[in-house]
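Asks: any chance you could fold what I've pasted below:
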Amino acid sequence: MYEDNLKQIAKAQNGDEEAMTKLVENNKGLIWNIVKRFNGREYDIEDIYQIGCMGFIKAIKRFDTSFEVQVSTYAVPYILGEIKRFIRDDGMMKVSRSTKELAMKILELQKEHLHKTGEEISISEIARILKIPKEEISYALDCLRPVSSIYEETTSNGDDARTIIDKIGTGKDEANSIVDKIALKQLIENLEAREKQIILLRFYKDKTQSEVAKVLGITQVQVSRIEKKILNSMKLKLTS
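Replies: Numbers count the residues shown, from 1 in each chain. This next block holds a predicted model:
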């Protein structure tokens, strides 16, 4: 399988569109796993998937077949990078015309109330006057506020320039973390039915070996033996 992949990669790098299409198709599960992390960001998920595919194709074109690494592992940073670049370059969030019109009505109400009473009008009062939920008022007002890019520099002292993402970052290698999670998920999916059930019950449902044994109708010793075999095998595959 690995050798077949290398042949497909070599063909794709030499301009074989069919080989490239096949590689993308064979790795669409990997791409979707990453794409789903960006769901709910006011972007069409299919569009994000296409951007992810572009990142994967870049990875294929730059992949060195002498690397002792699976192409799926190598491709993850490219897929992530392409999606993040798209979101960054797409600029400020898009606001619908109706939301903009509502925001202007709210501003006019705020201005009139302040002029008449010398006090700021509450969101609850605005909602009562316009007969719409308070949440819509808050959302419309938020849309008027300037949006800061997480890549915008907050200081400009030469080499000390830092972006917002630098300040809020966890300090962890998130790309490698995602690679590990995806690789682990793929390993679990490739297990036999009973092996997969043992791993899911033990490490995702927090069942004891005795409880798993009852569910599967085998002994606790058998569960222990199978579990140890699975974990050793997975460890070898993850570190190879």
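Asks: with adjacent residues omitted, what lies nearest to residue 114?
Replies: Across the structure, with C-beta to C-beta, 6 or more residues apart in numbering as the measure, the residue nearest residue 114 apart from its sequence neighbours is residue 120 (6.2 Å). In short, each C-beta sits where N, CA and C put it, glycine included.
Asks: spatially speaking, which residue is in the middle of the protein?
Replies: In the chain, the residue lying closest to the centroid (C-alpha atoms, centre = their mean) is residue 37, at 2.4 Å.
Asks: where in the chain is pLDDT low?
Replies: Under the criterion pLDDT under 70, the flagged ranges of the chain are 1-4, 40-42, 67-68, 88-96, 142-186, 237-240.
Asks: let's see that with 50 instead.
Replies: 1, 91-93, 146-175, 240 (pLDDT under 50).
Asks: domain parsing for it?
Replies: The record assigns the chain these domain ranges, following automatic domain parsing: 2-89, 97-144, 191-239.
Asks: how close does the residue in the chain sticking out farthest from the centre get to residue 109?
Replies: What lies farthest from the middle of the chain is residue 116; by C-alpha atoms, centre = their mean that is 49.0 Å. According to C-beta to C-beta, to the nearest Å, residue 116 and residue 109 sit 11 Å apart.
Asks: before we move on, what about residue 54?
Replies: Taking C-beta to C-beta as the measure, residue 54 and residue 109 are separated by 45 Å.
Asks: in the chain, which spans are helices?
Replies: 2-13, 17-26, 28-35, 45-62, 71-89, 97-117, 123-130, 134-144, 164-168, 174-189, 193-203, 209-216, 220-239 (DSSP state H).
Asks: ok and the fourth one relative to helix 28-35, angle-wise?
Replies: Relative orientation of helix 45-62 with respect to helix 28-35: 120 degrees, computed using axes from the mean of the first three to the mean of the last three C-alpha atoms, to 10 degrees.
Asks: what sits up against helix 45-62?
Replies: Applying C-beta atoms under 8 Å, 6 or more residues apart in numbering, the contact partners of helix 45-62 are 9, 12-13, 20, 23-24, 27, 30-32, 34-36, 38-39, 71, 74-75, 77-83, 86.
Asks: contacts only, for the residue lying closest to residue 219 once chain neighbours are set aside.
Replies: Take residue 219 and drop its neighbours on the chain: the residue closest to it by C-beta to C-beta, 6+ apart is residue 213, 5.7 Å away. When the contact criterion is C-beta under 8 Å, 6+ apart, the partners of residue 213 are 219, 220, 222, 223.
Asks: are any of the residues you listed buried, and if so which?
Replies: With neighbours counted by 16 or more other C-beta atoms under 10 Å, the contacts of residue 213 contain buried members at residue 223.
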